[in-house]
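In: Quick one: sequence and predicted model below, then my questions.
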Amino acid sequence: MVHWDPDPVTEPSLPRLRSTLNDRRLERRFQRDGYVVLPLPDPSAVGPALEVFERIDSGISEGYYASIHSADNAYKAQVDRELSAILWPQVAPLLADFSPLVAAFMVKPATGTTVVPVHQDWITKDEADGAGITCWMPLTPITAAEGKMTVLPGSHRYLHGLRGSPGFPVPYQSIVDELRDELMVEVEVAVGEVMVMDGRVLHTTAQNHSGRMRVAAYLNALPQGSQPLHYYRAPDGAVEVFAVEPSFFSTFNIGERPDGRLVRTIDDYQVDDLTLAELKAMGRRSRRVGPLDRLRTTWSGQAAR
Ligand SMILES: O=C(O)CCC(=O)C(=O)O
């Protein structure tokens, strides 16, 4: 059971599902699976993006990191500014009326622990009519040796728990190994392509065994006019929801209580563990329900179980 307090921020009067992609065929696939892979309009943009990575020193040489995890605000802001300028013109034409939120590098050096655990991305907006999106692009090749992107297709339709910093309990933690091995699938994303993913899709990438530096970039984006939100869970389990500026995402230090306008609090957020059978049943049910039912289950915070 998710201890859930119906949300004045997200409680909709049954809004229409909004579109993410301009292409209607791709949009149907995105609604079904929660992700699509597309060629960049100009794949040569990868070169300048990689040049930014090589020029701006993160100061980190070992283990997986995302540039937004750095404590150096000037570094995060410069990466965001320069990467957005190069990559946003590449993804904007593919998307239906979105605005960029933050751009960052996801880096797996040749040494150190580089597994990205199974997770969903943070909530960045009211999800009543859909989540924020992540546009993820390899800047260096990602084969099995580097650890391919691996997803649970369709999970955006039924895994609707809260997500934010510094960490939230998740109902799939006790089954995460079986879930990854039995249900998750690898996705081929080549250099010059972008994976557009609903932030609720469960995903992971494996250890980089290639002996080479692996660099990817992502751009988070929101439908134009959306209020950016951040969910913060305090050590006592209380959740605070903040309305934040887009600059929040390149200045915030994970672990701190965010600055911003507090729009909602939840006293104690806990989740019950799911079994693999329950998770599979949720997936099956989510494929049967129509868009209207999906919206109802989204805002109540309870996937159809
Ligand atoms: O770059 C990676 O390996 C993982 C990317 C990821 O998890 C994300 O963009 O949320």
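Out: That came through fine. If you're wondering where the values come from, they're calculated on a predicted model, not measured in any experiment. Numbers count the residues shown, from 1 in each chain.
In: who in this structure is up against the ligand?
Out: Neighbours of the ligand within the chain, by Cβ under 6 Å from any ligand atom: 106, 116, 121, 134, 136, 203, 205, 216, 218. Backbone N, C-alpha and C define where each C-beta goes, glycine included.
In: Next, the contact list for the second one, please.
Out: Counting by Cβ atoms under 8 Å, 6 or more residues apart in numbering, Val116 touches 64, 106, 147, 204-205.
In: Chain neighbours aside, what residue packs nearest to Tyr64?
Out: Distances taken as Cβ to Cβ, 6 or more residues apart in numbering place Thr114 nearest to Tyr64, at 4.2 Å, with adjacent residues excluded.
In: Helix or strand next in line after whatever helix or strand Tyr218 lives in, which one?
Out: Using DSSP states H and E, Tyr218 sits within strand 214-223. With elements assigned by DSSP H and E, the helix or strand that comes after strand 214-223 is strand 229-233.
In: which residues touch that following strand?
Out: 9, 122-126, 162-168, 239-244, 248, 252, 257-258, 260, 263, 269.
In: Now do that strand and strand 214-223, the angle between them.
Out: Counting by axes from the mean of the first three to the mean of the last three Cα atoms, to 10 degrees, strand 229-233 lies at 110 degrees to strand 214-223.
In: how about strand 229-233: buried residues?
Out: 229-233 (16 or more other Cβ atoms under 10 Å).
In: for these, which one is nearest Glu54?
Out: His230 (30.6 Å; Cβ to Cβ).
In: Can you name the residues bridging to the closest one?
Out: Applying DSSP bridges to His230 gives these bridge partners: Phe242.
In: Quick one: the strands in the stretch 1-150 of the chain, in order.
Out: 35-39, 65-66, 98-108, 116-119, 133-138, 149-151 (DSSP state E, counting those that start in this stretch).
In: rank the ones you listed by pLDDT, which is bottom?
Out: Mean pLDDT is lowest for strand 65-66 among the strands of the stretch 1-150 of the chain, at a mean of 92.
In: neighbouring strands for that strand, and are they parallel or not?
Out: Using DSSP bridges, the strands paired with strand 65-66 in its sheet are strand 98-108 (antiparallel).
In: out of the contacts of Val116, who's nearest Pro89?
Out: Using Cβ to Cβ, Met106 comes nearest to Pro89 of the contacts of Val116, at 20.4 Å.
In: Sketch out the strands for the stretch 201-305 of the chain, chain order is fine.
Out: For the stretch 201-305 of the chain, the strands defined by DSSP E, counting those that start in this stretch occupy 203-205, 214-223, 229-233, 239-243, 261-266.
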